[in-house]
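# the following block contains a protein sequence and its predicted model.
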Amino acid sequence: MNFKKRYTKFFIVLLLLLVALSTTVFAIPYNTKYYSWSNPSGSYSPDSGSVRIDSYDFSQDQVYVHAYYMRYDDTTISSIMSYYNNNSYYPGIDITDMSDKLTYNGYYSTNYPNPKFDTDDDDWDGKWEETEITVLSPSSIKTSTDYYFDVHFREYSQGTYTGTINITASESIKQFTEYNTKLFNTLKQMSYSTP
């Protein structure tokens, strides 16, 4: 019996330590929305893709945008290479809060080859509502890869909001240290809401 008590205490202490030291927080989204597109205009645009938008109720509400399954066929890759070889244009993906209620939260992730990440405050109001990646190695885009681009936003000021996020394909040219958009095509316009 003493043996059983000792091991029970040991496992309880071990469990409490694991819970206390855990750095992973699991949260259930307040709201999740799914979108997709296929056959967009813009010869440089991914031929298809999907987007999931998750809204979380934290101390500052968060909106996570996960664009995934972005695929390119041979014709699209040939068009991208033509823009690159003839105009020095680089392809990219842009995710922007069109309602100007959110700001970039410091996290992004992508599997695009050699991406240059950038944020912009287009209207100079202190919110970084535009996020984008520019692919600096366009010849490395492959038909066999599902590409993704994830961005986390947070609300700029406390409140309950509804708004619109656009995901856009682009072709950009390097000007000094920036890549500025020359061509763009909206792939999907999506709604979000915060708690």
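Here it is on my side, so go on. Numbering: from 1, shown residues only.
# now the helix or strand encompassing I77 - C-alpha only, PDB.
Element membership for I77, per DSSP states H and E: helix 74-87. The C-alpha trace of helix 74-87 is given here as PDB (Å, rounded to 0.1, in the frame of the first residue of the first chain):
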ATOM      1  CA  ASP A  74       2.700  24.600 -66.200                       C
ATOM      2  CA  THR A  75       1.000  27.400 -68.100                       C
ATOM      3  CA  THR A  76       0.900  29.700 -65.000                       C
ATOM      4  CA  ILE A  77       4.600  28.900 -64.200                       C
ATOM      5  CA  SER A  78       5.500  29.800 -67.900                       C
ATOM      6  CA  SER A  79       3.700  33.100 -67.500                       C
ATOM      7  CA  ILE A  80       5.500  33.900 -64.200                       C
ATOM      8  CA  MET A  81       8.800  33.100 -65.800                       C
ATOM      9  CA  SER A  82       7.900  35.300 -68.800                       C
ATOM     10  CA  TYR A  83       7.200  38.300 -66.500                       C
ATOM     11  CA  TYR A  84      10.400  37.600 -64.700                       C
ATOM     12  CA  ASN A  85      12.600  37.200 -67.800                       C
ATOM     13  CA  ASN A  86      11.100  40.100 -69.700                       C
ATOM     14  CA  ASN A  87      10.300  42.600 -67.000                       C
END
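# ok, then the element right after the helix or strand bottoming out on mean pLDDT in the chain?
The weakest-scoring helix or strand in the chain, judged by mean pLDDT, DSSP states H and E, is helix 2-21 (a mean of 59). Per DSSP H and E, the first helix or strand lying C-terminal to helix 2-21 is strand 31-38.
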